[in-house]
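Asks: Mind looking at a prediction? Sequence and model below.
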Amino acid sequence: MKLKDCHNFYDFRKLAKKKLPSPIFHYIDGAADDEITYKRNTSAFNDVDLIPNVLRGVESVDLSTTIFGKKIDLPFYCAPTALQRLFHYDGERAVGKAAQKFNTMFGVSALATVSVEEIASLIDTPKMFQFYFHKDRGLNDSCLERAKAAKFDVLALTVDTITGGNRERDLRTGFTSPPKLTLSSLYSFATKPMWGINYLTKGKFELPHLQDYVKEGTSTNTSIGNYFSTMLDQSMNWNDAEKLCSQWGGHFALKGVMSVEDAKRAVDIGCTGIMVSNHGGRQLDGSRSPFDQLAEIVDAVGDKLDVICEGGFQRGTHMLKALSIGAKACSGGRLYLYALAAAGQAGVERALGQYKAELVRDMKLMGCTKISDLNRSNLRFRKNES
Amino acid sequence: MNLEDCHNFDDFRKLAKKKLPSPIFHYIDGGSDDETTLKRNTEAFNSCDLIPNILRGTGKPDLSTKIFGRKINIPLFLSPTAMQRLYHPDGDKASAKAAEKFGTMYSMSTMANNSIEEISNISSGPKLFQLYIHKDKSITDDLVERCKRANFDGLCLTVDTIVAGNRERDHRTGFTTPPKLTLNSLMSFAMKPRWVFDYLTNKKFELSNVKNKTDKGTNITKSVIEYINEQYDPGMNWKDAEYVVRKWNGPFALKGIMSVEDAKRAIDIGCTAIMISNHGGRQLDGSTSPFDQIKEISDAVGDKIEIILDGGIRRGTHVLKAIAAGAKACSLGKAFLFSLSAGGQKGVEKLLQNMQNEIERDMMLMGCKNLEELNISKLIYRK
Ligand SMILES: Cc1cc2nc3c(=O)[nH]c(=O)nc-3n(C[C@H](O)[C@H](O)[C@H](O)COP(=O)(O)O)c2cc1C
Ligand SMILES: Cc1cc2nc3c(=O)[nH]c(=O)nc-3n(C[C@H](O)[C@H](O)[C@H](O)COP(=O)(O)O)c2cc1C
């Protein structure tokens, strides 16, 4: 199987599985507890059907949208995800450059393996820095100042990770950062020698935003769940978020809002956007899916800030459905992560290109030429969803 | 595979399966008829979704609640289950000790292999006794008196076992109490020599609480189905229940309530609690699941009686959903029996630790500081 055989999400996933040592594959592929929310994030799209319109003259389609005051050419972007150099040796460089090519936004995680400064020097498309609120206030200030100095456009505070999710696949595979060889994982690393060679020869593994402050994750192996549970400040509250918002002074989003009440409060503290998200099902299993919850939140705050639907997207039609409900844009992690693992920048470009092609085709089939043509009259909810 | 590898229900189940002779494993694992209700008990939790709140600065949440007049540290306790000596040589002692360690309630079945007195001597934790009404009424009076003397905190009367359920796996494996070797089961016992050794070298198998009143099940081999049908009184009615409530005169639950109507009647006869339960899907197959039924019952009587959800719990989030829908606490049968089979007291402790971690984590992810904050507004039922 090669990159050119990858025609959709599932193909990229298959190729990624071939290339990655299993603890790393399962870190991407896994979610919390029984992974019910994770599955629901995607299956929720099947509870609603699209109603196309015909004879609308659709030869050219404009997929652009404006979020956080920036126009992007695609109605979806790359969500911030941690540790990308474990998935491919180019890591964030590859994803950033692919995002640039399609002029969409690139989200950089606090746990990124390439620095904000380097990303800023590489690409000039809109950039989001994802912020984790650490106990160490020096570390928090440093992250914020560096993202500001590197002229990032948006700061997104992740609020659904107050403690680590129960990712049982990681417990079983013994996944840690940096990766550690254990008796049980030895075999999976040994059978993927190319990954091992690249990991060891293409530059040292680092977490540039954190490593001046914490050893965990770079020189001390830690599981991600353990990192969240011990390093992040569990007392984080609305005051802290509000302070951060004004300290940043630019576009500011809360990532992981799921209730109407909290969405309203996000408006009050000055957020300009929210990601309706459950962290890709990786935190609270049993929580509602972003798509299921989207309409209520759009109705409540859609005219006051940018509502972004995040998680579960595997197809252009999934995005069309979320955009029809009223999301300003869609955001996804795995939709580009498998492609990154499969083939680096070329892989991500191919994946983004495919979603774009799907969206253009689906828009035409729907009889729509611009994102604002999509609305709820394009959708019918099935009665007997369960 | 060992205890260290047990992260969830399925892991404990797998390890138990490895350790137990197959008739015993299937006695725990099976339900009645087609096991439709057994499956639904857990699946029902997926009919609704949790809505978390953020930025609440919860810190470590308080997981304690109060049932049967006692505070328990986690909103989850051990359901009464019969014949625990079959699963591990330490039997009820192991479960009672583990529950005490986690500050939660242990429950003893009428059909336990340890006596009321034995357990009260080794555990000062909260204890519930589960009563079956035998045809021989003197058994009931005797059991109630002994529980009183032994300082049990509460009593529950099981009302869903008026006849034995059709547990087809037991028919097939030839499961009896005490275990009997048949041609059918010989292989499965021979393949678990460790179990046979433990069983034969430890204390004699007996139904400790009733052995002085009946030989059945102790010296005379009976299938559980035969035992129930012979010994329990199928004429049991509300009057009998009320008689026991009076006689006990303390915190009292009916175990196996499924309808609003019966829940109301439980209040009338003086119960302080009900356990919404279908006996873990082991009795009437096709009956509704506890979680499907809890909201209606809680809307009707939630302010007048303690509601305990019993059945189908496999995850911390199941407990959260049950509490949001109106339960004061939940109880576990199969989950803890597998952990008991997998590792005795250590096994049950590991299970309770896992569940405590899950509940605590899930509360934090929900943005809840204590169980009172979990209410129906946190749930959205799917259409
Ligand atoms: C491997 C992986 C790592 C992630 N790392 C982060 C992170 O560091 N910070 C964060 O806020 N979200 C992180 N996420 C969550 C994503 O930002 C996003 O919410 C999620 O991937 C959306 O679901 P999807 O993968 O179904 O698109 C991560 C997700 C994955 C799959
Ligand atoms: C092996 C086994 C034995 C049981 N024995 C009894 C019993 O003696 N008395 C009783 O009231 N319930 C008994 N139950 C039912 C449990 O108390 C409880 O209602 C049920 O297990 C809850 O469902 P769960 O297994 O899905 O948690 C038994 C259940 C099992 C699995």
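Replies: Okay, I see it. Ligands and ions are numbered 1, 2, ... in the order given.

Asks: Only C-alpha atoms from now on, for both contacts and neighbour counts.
Replies: Noted.

Asks: give the contact list for residue 346.
Replies: You didn't pick a chain, so chain A it is. A:94, A:98, A:340 (C-alpha atoms under 8 Å, 6 or more residues apart in numbering or on different chains).

Asks: was after chain B, sorry
Replies: B:94, B:98, B:340.

Asks: Distance check, the second one against A:Y187.
Replies: Counting by C-alpha to C-alpha, to the nearest Å, the gap from B:A98 to A:Y187 is 37 Å.

Asks: Read off the pLDDT value for A:E385.
Replies: Note on A:E385: pLDDT of 47.

Asks: Quickly check: the longest helix anywhere in chain B near ligand 2 or not.
Replies: In chain B, assigned by DSSP state H, the helix with the most residues is helix B:334-366. Yes. Applying C-alpha under 6 Å from any ligand atom, one finds helix B:334-366 touching ligand 2 at B:K334.

Asks: Now do that helix, average pLDDT.
Replies: Helix B:334-366 comes out at a mean pLDDT of 98.

Asks: same deal with stretch B:256-269?
Replies: 98.

Asks: Return the residues of chain A in contact with ligand 1.
Replies: Counting by C-alpha under 6 Å from any ligand atom, the residues of chain A that sit close to ligand 1 are A:27-28, A:79-82, A:109, A:111, A:130, A:158, A:277, A:279-280, A:310-313, A:332-335.

Asks: if we can go back for a sec, let's have the contacts of A:A346 in JSON lines, adding secondary structure and pLDDT.
Replies: JSON lines is the format used below for those (DSSP: H, G, I helix; E, B strand; the rest coil; pLDDT from 0 to 100):
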{"residue": "A:A94", "secondary structure": "helix", "pLDDT": "98"}
{"residue": "A:A98", "secondary structure": "helix", "pLDDT": "98"}
{"residue": "A:L340", "secondary structure": "helix", "pLDDT": "98"}
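
Asks: tell me which of those is nearest to chain B?
Replies: A:L340 (29.5 Å; C-alpha to the nearest C-alpha).

Asks: rewinding a little: how about the contacts of B:K346 in a markdown table, adding neighbour count and distance to ligand 1?
Replies: Converted to a markdown table, those look like this (neighbours: other C-alpha atoms under 10 Å in any protein chain shown; distance: C-alpha to the nearest ligand atom, whole Å):
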| residue | neighbour count | distance to ligand 1 |
| --- | --- | --- |
| B:A94 | 23 | 41 |
| B:A98 | 28 | 37 |
| B:L340 | 30 | 36 |
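
Asks: Spatially nearest residue to B:D62 (excluding sequence neighbours)?
Replies: Nearest residue to B:D62, sequence neighbours excluded (C-alpha to C-alpha, 6 or more residues apart in numbering or on different chains): B:N370, at 4.9 Å.

Asks: looking at it, that neighbour is touching B:P61, isn't it?
Replies: Yes. At 5.6 Å, B:N370 counts as touching B:P61 under the criterion of C-alpha atoms under 8 Å.

Asks: Touching both of these two, which residues are there?
Replies: With C-alpha under 8 Å, 6+ apart as the test, B:N370 and B:P61 both reach B:M363.

Asks: returning to that earlier point: quick one: which of the contacts of A:A346 is the most crowded by neighbours?
Replies: Per-residue neighbour counts (other C-alpha atoms under 10 Å in any protein chain shown) across those peak at A:L340, which has 30 neighbours.

Asks: Report the contact partners of it.
Replies: A:87-88, A:91, A:94-95, A:346-348.

Asks: if you set the cut-off to 7 Å instead, what comes out?
Replies: Applying C-alpha atoms under 7 Å, 6 or more residues apart in numbering or on different chains to A:L340 gives the contacts A:87-88, A:347-348.

Asks: rewinding a little: rebuild the contacts of A:A346 as JSON lines, extending it with distance to B:R85.
Replies: Supplementary listing: the contacts of A:A346 in JSON lines, determined by distance: C-alpha to C-alpha, whole Å:
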{"residue": "A:A94", "distance to B:R85": "60"}
{"residue": "A:A98", "distance to B:R85": "63"}
{"residue": "A:L340", "distance to B:R85": "54"}
